[in-house]
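Novice: When you get a sec, could you give me coordinates for this:
(one chain, ligands or ions: 2)
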Amino acid sequence: MTMSVIARARSAIRKDIRSNRKALTPDEQHTASRAAASHVLDCLPHAQRVALYLENDGELGTRPLIEALWAKGCETYLPVLHPFAEGHLLFIHYEADTQMTANIYGIPEPKLSVQRLCPADQLDAIITPLVAFDSTGNRLGMGGGFYDRTLAHLPDRVKVIGLAHDCQRLPALPVEAWDVPLPMIVTPSRIYRFGSEPNQ
Ligand SMILES: Nc1nc2c(c(=O)[nH]1)N(C=O)[C@@H](CNc1ccc(C(=O)N[C@@H](CCC(=O)O)C(=O)O)cc1)CN2
Ligand SMILES: Nc1ncnc2c1ncn2[C@@H]1O[C@H](COP(=O)(O)OP(=O)(O)OP(=O)(O)O)[C@@H](O)[C@H]1O
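Specialist: Numbering: from 1, shown residues only. Ligands and ions are numbered 1, 2, ... in the order given. Just a heads-up that it's a prediction; the model follows:
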């Protein structure tokens, strides 16, 4: 099947930005992940159950954020690829001693356990990875549509925050009908608030 002009533009952007973020040094990555953690904590003073991700492919790291959330007594959750509903994510409780396994993309995820599952609408916050974002909060991911499906039917009470390096921002992204723009994106240098998200 031929790809549309938009789909082609989106893959070119993915390729470009993924190579930019992979070029960051380990030192730059560490500094960036600490700065971003402190911004995210400022945005989530009351969250108890927070879903986030383990970095892959040069993504902004979450380790300092995870450690800070654990220190505050929060529960953290990680995305797990749904075993049969293709393109869907489950969120599983993640603790220091959680048994992990690599998914088909090689990303570590908690072993599936129904008792440790939290429905997305019961989370207080979802921190999403992303490949690129723009000046109105549009988000481009790795191309699986996993987060688009998760965010498509989420109550307003669940805070959604995109996490990215500053080099992942573009002026405007080519969007598709199913894209769900984010109300907030955190980078190491700042917190972006979009649309109707009230200031706090
Ligand atoms: N850290 C992290 N975890 C995550 C995501 C993510 O974006 N980042 N996801 C967010 O959706 C889900 C996984 N989605 C992914 C989709 C594509 C690829 C990927 O590497 N694609 C390869 C081709 C892989 C193949 O088909 O074999 C590529 O494009 O090079 C990785 C993760 C769940 N977990
Ligand atoms: N809400 C949805 N319901 C059904 N299909 C969807 C939905 N959202 C996205 N898709 C499908 O998922 C595929 C990938 O979408 P897209 O390229 O926007 O992913 P992405 O935003 O880069 O990835 P992700 O959300 O996993 O980070 C598309 O073929 C699209 O049709």
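Novice: Surely residue 92 and residue 78 touch.
Specialist: Yes. With contact defined as C-beta atoms under 8 Å, residue 92 and residue 78 form a contacting pair (6.0 Å). Where you see a C-beta, it was placed from the backbone N, CA and C, and this is true even at glycine.
Novice: what sits in contact with each of those two?
Specialist: Listed as contacting both residue 92 and residue 78 by C-beta atoms under 8 Å, 6 or more residues apart in numbering are 109, 110.
Novice: Please identify the residues of this structure in proximity to ligand 2?
Specialist: For the chain, the residues in contact with ligand 2 (C-beta under 6 Å from any ligand atom) are 87, 140-149, 152, 176, 178-179.
Novice: mind listing what residue 31 touches?
Specialist: Contacts of residue 31 (C-beta under 8 Å, 6+ apart): residue 188.
Novice: can you confirm it is in a helix?
Specialist: Yes. The assignment for residue 31 by DSSP: H, G, I helix; E, B strand; the rest coil puts it in a helix.
Novice: Residue 188 versus that one, what's the distance?
Specialist: Remark: distance between residue 31 and residue 188 (C-beta to C-beta, to the nearest Å) = 7 Å.
Novice: Check the gap between residue 160 and residue 151 for me.
Specialist: From residue 160 to residue 151 the distance is 6 Å (C-beta to C-beta).
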